[in-house]
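In: 3D, please:
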Amino acid sequence: MIPFQLSPDDVSREILDFNRKLAEGLNVLSELEDINVGACEKEAVYEEDKVVLYHFKPRTDKQNPVPLLIVYALVNRPYMADLQEGRSMIQGLLEAGLDVYLVDWGYPDAAERFLTLDDYINGYIDNCVDVIRERHNLNRINLLGICQGGSFSLCYTALNQKKVKNLITTVTPVDFQTKDDLLSNLVRNVDIDTVVDSMGNIPGEVLNWTFLTLKPYRLTGQKYLDLVDILDDREKAENFMRMEKWIFDSPDQAGEAYREFIRQFYQGNGLVKGTVKIGNRTVDLMNISIPILNIYAKDDHLVPPDSSRALAGCTASEDYSELEFPGGHIGIYVSGKAQKMIPPAVGKWLDERIK
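Out: Take a look at the predicted model:
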């Protein structure tokens, strides 16, 4: 027995309603102007090659005296952390009284083909840290890493702990071979040498579609069907297009750095095994003894919670805390729930460790 069945008239009405919404939505889309991103005023304070170090204008009279440097992933653009008013982790951090800097990696081209992880971590990140230390006349600053940028931040801290006071990792992969890690299971079977040797820099579009195919129905089909229901609302349509802009704004990846990252982190699982080499130095997470706040997302399909939680016990820190966000990999930065939860928690945690 079929419990529910649409009549031909019902089907016709649904089709007509869908077409009406689609027509109205297309009209709204045609009227949208350039989609702007960014809620917080910032200035460039240091530039090197394609890399730019930004400093955000304070939003409070009283600030934590130790500045915070955000290290984003090489994949996608860092404005995800400052998408728009009310959907900006950086806005929340500023309103929590933090003095915020951010590394923007830019768009690598053929000139960056042979950049290595050593260039990124002991070169660009270290130079940015030194600029901030000099600007504030401090020996150590706070570091916050996002996704792959969190893995970089762990490596940097293990090699340069004398320059880092407190470390925050957000949706950061640590164990790259947990059983529920779809991306890892895919990447571990890639002949990375053939890929890089034949392509040079890895096109951003290749990585972007790799991420989308991890949830093909939801991310490449269903969301566009759902879009029809909101297209007649200009604000919701703009928000959707803003996210689409970020999703498809994918920089190419410097070939050698990409080769090293895939081989050492995904295929060798070297971060937890202590075998990752950055330049001529080996990364030992047990060298990290400073306070750590590890934030992960419960429903993250790109960095499963087990991958992030693996950090517990891998360092020598006696001040290690975890914070679980009830959402996904992107929601942790742009959702309303995240704005109320993550920045205040980070601000409070850092304020308690000023001395």
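In: contacts, neighbours, all on C-alpha from now
Out: OK.
In: neighbours around residue 36, how many?
Out: Counted with other CA atoms under 10 Å, the neighbours of residue 36 add up to 12.
In: what distance do you get for it to residue 81?
Out: Note on residue 36: its distance to residue 81, by CA to CA, to the nearest Å, is 14 Å.
In: what ranges does the stretch 201-350 of the chain have for its strands?
Out: 277-278, 281-282, 292-297, 320-325 (DSSP state E, counting those that start in this stretch).
In: what's the nearest residue to residue 334 once chain neighbours are set aside in contact with, if anything?
Out: Nearest non-adjacent residue to residue 334, counting by CA to CA, 6 or more residues apart in numbering: residue 87, 4.7 Å away. Counting by CA atoms under 8 Å, 6 or more residues apart in numbering, residue 87 makes contact with 333, 334, 335, 336, 339.
In: who's residue 87 bridged to?
Out: Residue 87 has these beta-bridge partners by DSSP bridges: residue 84.
In: how close does it sit to residue 332?
Out: Taken as CA to CA, the span from residue 87 to residue 332 is 10 Å.
In: find the pair from the contacts of residue 87 with maximum spatial separation.
Out: Using CA to CA, the two most remote members of those are 333 and 336, lying 8.9 Å apart.
In: which one of those two has more residues nearby?
Out: Neighbour count, other CA under 10 Å: between residue 333 and residue 336, residue 333 has more, with 24 against 13.
In: contacts only, for the more buried one.
Out: 80, 81, 87, 88, 89, 339.
In: the last one: how many residues sit nearby?
Out: Residue 339 has 21 neighbours, counted by other CA under 10 Å.
In: confidence score at it?
Out: pLDDT, residue 339: 90.
In: swap in the fifth one?
Out: The predicted local distance difference test score for residue 89 is 94.
In: one more: the first one?
Out: Note for residue 80: predicted pLDDT of 85.
In: from residue 138, how far out is the residue nearest to residue 283 when sequence neighbours are not counted?
Out: Closest residue to residue 283 apart from its sequence neighbours, by CA to CA, 6+ apart: residue 276 at 5.5 Å. Look at residue 276 and residue 138: by CA to CA, they are 29 Å apart.
In: those two: who's more crowded?
Out: Between residue 276 and residue 138, counted using other CA under 10 Å, the more crowded position is residue 276 (21 against 14).
In: the more buried one against residue 266, yeah?
Out: No. With contact defined as CA atoms under 8 Å, residue 276 does not count as touching residue 266 (10.8 Å).
In: give me the low-pLDDT residue ranges for this protein?
Out: Across the chain, residues meeting the criterion (pLDDT under 70) sit at 1-35, 208-241, 243, 246.
In: please repeat the previous calculation with a cut-off of 50.
Out: 1-2, 22, 216-217, 219, 221 (pLDDT under 50).
In: now the residue nearest to residue 334: how far from residue 295?
Out: 18 Å.
In: same thing with residue 56?
Out: For residue 56 relative to residue 295 (CA to CA), the value is 23 Å.
In: who has more neighbours, those two?
Out: Taking other CA under 10 Å, residue 56 and residue 295 do not tie; residue 295 has more neighbours (23 against 18).
In: can you give me the neighbour number for the closest residue to residue 117 other than its chain neighbours?
Out: Nearest in space to residue 117, with sequence neighbours left out and distances taken as CA to CA, 6+ apart, is residue 257 at 5.1 Å. The local packing of residue 257 (other CA under 10 Å) involves 22 other residues.
In: quick one: contacts for residue 257?
Out: 114, 115, 116, 117.
In: look up how far residue 88 lies from it.
Out: Applying CA to CA to residue 257 and residue 88 gives a distance of 29 Å.
In: swap in residue 121?
Out: Residue 121 is 26 Å from residue 88, by CA to CA.
In: so those two - more neighbours on which side?
Out: Legend: neighbour count by other CA under 10 Å for residue 121 and residue 88, higher for residue 88 (26 against 20).
In: neighbours of the residue nearest to that one when sequence neighbours are not counted, how many?
Out: Spatial nearest neighbour of residue 88, chain neighbours left out: residue 82 (4.3 Å); criterion: CA to CA, 6+ apart. By other CA under 10 Å, the residues close to residue 82 number 20.
In: now swap in the one 10 residues further on and tell me
Out: Here the number of neighbours of residue 92 (other CA under 10 Å) works out to 25.
In: show me what the helix or strand hosting residue 70 is packed against.
Out: Applying DSSP states H and E as the criterion places residue 70 in strand 68-71. Judged by 3 or more CA pairs under 8 Å, 6 or more residues apart in numbering; DSSP states H and E, strand 68-71 is in contact with strand 100-104, strand 141-146, helix 148-160.
In: what angle separates the next helix-or-strand element following the longest one from helix 148-160?
Out: Using DSSP H and E, the helix or strand that follows helix 148-160 in sequence is strand 164-170. Orientation check (axes from the mean of the first three to the mean of the last three CA atoms, to 10 degrees): strand 164-170 against helix 148-160 gives 150 degrees.
In: may I have the strands that pair with strand 164-170, each with its orientation?
Out: By DSSP bridges, strand 164-170 pairs with strand 141-146 (parallel), strand 292-297 (parallel).
In: what's the closest of the ones you listed to residue 248?
Out: strand 141-146 (18.5 Å).
In: name the residues that touch that closest one?
Out: 66-73, 129, 132-133, 150-153, 163-172.
In: could you redo the last one with a cut-off of 6 Å?
Out: 66-72, 153, 164-170 (CA atoms under 6 Å, 6 or more residues apart in numbering).
In: next, the angle strand 100-104 makes with it.
Out: Going by the same axes, to 10 degrees, strand 141-146 makes 50 degrees with strand 100-104.
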